[in-house]
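**Q** Got a predicted model here, sequence first, then my questions.
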Amino acid sequence: MENIKLGLKENWQQFTLLVLVNMMVGGMVGLERTVVPLVGTQEFEIESDVVVFSFIIAFGLVKAFTNLVSGALADKYSRKKVLIMGWLVGMPIPFMLAWGPTWNWILWANVLLGISQGLAWSMTVNMKIDLVGPNKRGLAMGLNEAAGYGAVGLTALFTGYLASMYGLRPQPFYIGIVYTIIGLLLSVFIVKDTGKHAQLEGARVKTTAFGEEAHKPSLFWVFKETSLNNKNLFSVSQAGLINNLNDGMSWGVFPLLFISMGVGLDGIGWIKAVYPVVWGVGQILTGPLADKIGRKPLIVWGMFVQVLGHILIGFEFLPPLISGLAGSVLLGIGTAMVYPALLAAVSDAAHPSWRASSLGVYRFWRDIGYAVGALMAGVVASFFGLMWSVHIAGAITFISGIVVWIQMKETLRKI
């Protein structure tokens, strides 16, 4: 391993390339943020909120279980091969969204999207962590998630614009074809595998954060350790789930809620774009901040900022567009504080020999949040209205922040 070095400076070219690849990965999710819920209600005339949100439930469940096995697949086949596999699975998605003749085609497109995202996004996370080593994890995750969720937001905005100009389908989904081609070509011909970087770091670390000797445990052991046995990892996992509960709720609810309040498609595009763009760009600052002040403060206070966002969205004395934009900004700021700190905290606690699997378990719980949020929103909206879905999500987020405050201990360790 004499030619392998850890660090952002030492690996900046591959790191930058992976940032670009993750922009393409994130853009594939952004395809759906503004348009697809409206395709369900307006084109397919679906009246049930639960049925409309079913595409998010399908996406979240499949992505969660794919995350769970992605680390094991990476260890067996290499990070690069799993990344390529993710892009190959994603190739049919924009075509199915653009021309699928029934709602079932949209659902199956989201099954593929869940698999593709679970493989491709997981690998960009693991590969960046491999490259930078232990001291710049927050920065690495900030840049990775900034690229991904920035692309989510910008694509949501662009698809909203295209929908307002040309209609809901097929034009808004053309950009997805471009994303899949660029992402696949970069992954096949230019991206290099980073498994040896993880091996180098593992050789330098004698014990885990819990004082145990380094070993290669089973996925079942890692699942229990990450989900239940360790208070820090439990706190992080439940906070990740609630963060994506908010995202899943907003994904389905916001387009339907604000169009019912008289906001146009272009305005909804802005509301849907602001949240992930602020979330993404903000991580350029909060990622390095997590390396400086620690993970826990950003997680706790980020959760509480998200609660303020929920309150503002439900504030009836503001025009709907203003409350939607302002609330989405706060949701974005809060999520930007939380996201890189959560990923860095898991990376702190897991030995490099089983870190990919532990990140997979964390991302399993985090992305279950999409399905939980969409299902919760659909059920609550059916009985009490769409706005109550926002209120319930805010209350759950507040409780989650309290859990982190009480249970979690700081994981940042300088090496």
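**A** Received it, and whenever you're ready, just let me know what you need.
**Q** Could you use CA atoms for every contact and neighbour count after this?
**A** Noted.
**Q** in the stretch 251-400 of the chain, which spans are helices?
**A** 265-293, 296-313, 320-349, 355-384, 386-407 (DSSP state H, counting those that start in this stretch).
**Q** and those helices as a markdown table, adding distance to residue 35, mean pLDDT and mean neighbour count?
**A** Below are the helices of the stretch 251-400 of the chain laid out as a markdown table (distance: least, CA to CA, whole Å; pLDDT from 0 to 100; neighbours: other CA atoms under 10 Å):
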| stretch | distance to residue 35 | mean pLDDT | mean neighbour count |
| --- | --- | --- | --- |
| helix 265-293 | 9 | 87 | 25 |
| helix 296-313 | 20 | 95 | 23 |
| helix 320-349 | 17 | 91 | 26 |
| helix 355-384 | 16 | 89 | 25 |
| helix 386-407 | 18 | 95 | 19 |
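**Q** Output those helices in a markdown table, with distance to residue 180 appended to each entry.
**A** A markdown table is the format used below for these (distance: least, CA to CA, whole Å):
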| stretch | distance to residue 180 |
| --- | --- |
| helix 265-293 | 20 |
| helix 296-313 | 32 |
| helix 320-349 | 25 |
| helix 355-384 | 22 |
| helix 386-407 | 33 |
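**Q** just so I know, which of these lies nearest residue 71?
**A** Comparison of the helices of the stretch 251-400 of the chain against residue 71 by CA to CA identifies helix 355-384 as nearest, at 4.5 Å.
**Q** The closest one packs against which elements?
**A** In terms of contacts (3 or more CA pairs under 8 Å, 6 or more residues apart in numbering; DSSP states H and E), helix 355-384 is packed against helix 49-52, helix 54-77, helix 219-224, helix 231-260, helix 320-349, helix 386-407.
**Q** Go again with 7 Å.
**A** Applying 3 or more CA pairs under 7 Å, 6 or more residues apart in numbering; DSSP states H and E, one finds that helix 355-384 contacts helix 49-52, helix 54-77, helix 219-224, helix 231-260, helix 386-407.
**Q** contacting residues around the third one?
**A** Here helix 219-224 makes contact (CA atoms under 7 Å, 6 or more residues apart in numbering) with 357-358, 361.
**Q** From residue 154, how far off is the closest residue to residue 240 other than its chain neighbours?
**A** Leaving out its chain neighbours, the residue that sits closest to residue 240 by CA to CA, 6 or more residues apart in numbering is residue 366, at 4.4 Å. In this view, residue 366 and residue 154 are 23 Å apart by CA to CA, to the nearest Å.
**Q** Check residue 74 too.
**A** 30 Å.
**Q** got it, and residue 130?
**A** Counting by CA to CA, the gap from residue 130 to residue 154 is 28 Å.
**Q** repeat for residue 119
**A** Distance from residue 119 to residue 154, by CA to CA: 22 Å.
**Q** neighbour-wise, which of the two wins?
**A** residue 119 (30 against 22; other CA atoms under 10 Å).
**Q** ok, and the residue lying closest to that one once chain neighbours are set aside, which helix or strand is that part of?
**A** Spatially, and ignoring its direct neighbours in sequence, residue 119 is nearest to residue 86 (4.9 Å; CA to CA, 6+ apart). Using DSSP states H and E, residue 86 falls within helix 79-90.
**Q** and that helix with helix 355-384, angle?
**A** Angle between the axes of helix 79-90 and helix 355-384 is 30 degrees (criterion: axes from the mean of the first three to the mean of the last three CA atoms, to 10 degrees).
**Q** tilt between helix 79-90 and helix 54-77?
**A** Going by the same axes, to 10 degrees, helix 79-90 makes 150 degrees with helix 54-77.
**Q** for helix 79-90, which positions count as buried?
**A** Residues of helix 79-90 classed as buried: 79-90 (neighbour count, 16 or more other CA atoms under 10 Å).
**Q** helices and strands around that helix, which ones?
**A** Partner elements for helix 79-90 (3+ CA pairs under 7 Å, 6+ apart): helix 103-132, helix 174-189.
**Q** Following element in sequence after that helix, please.
**A** Using DSSP H and E, the helix or strand that follows helix 79-90 in sequence is helix 93-99.
**Q** hmm, back to that, how about the helices and strands packed on helix 355-384 in TSV, adding distance to residue 191?
**A** Below are the helices and strands packed on helix 355-384 laid out as TSV (distance: least, CA to CA, whole Å):
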stretch	distance to residue 191
helix 49-52	37
helix 54-77	15
helix 219-224	27
helix 231-260	28
helix 386-407	37
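**Q** Identify whichever of the ones you listed lies nearest to residue 300.
**A** Proximity to residue 300 (CA to CA) singles out helix 386-407 among these, at 5.2 Å.
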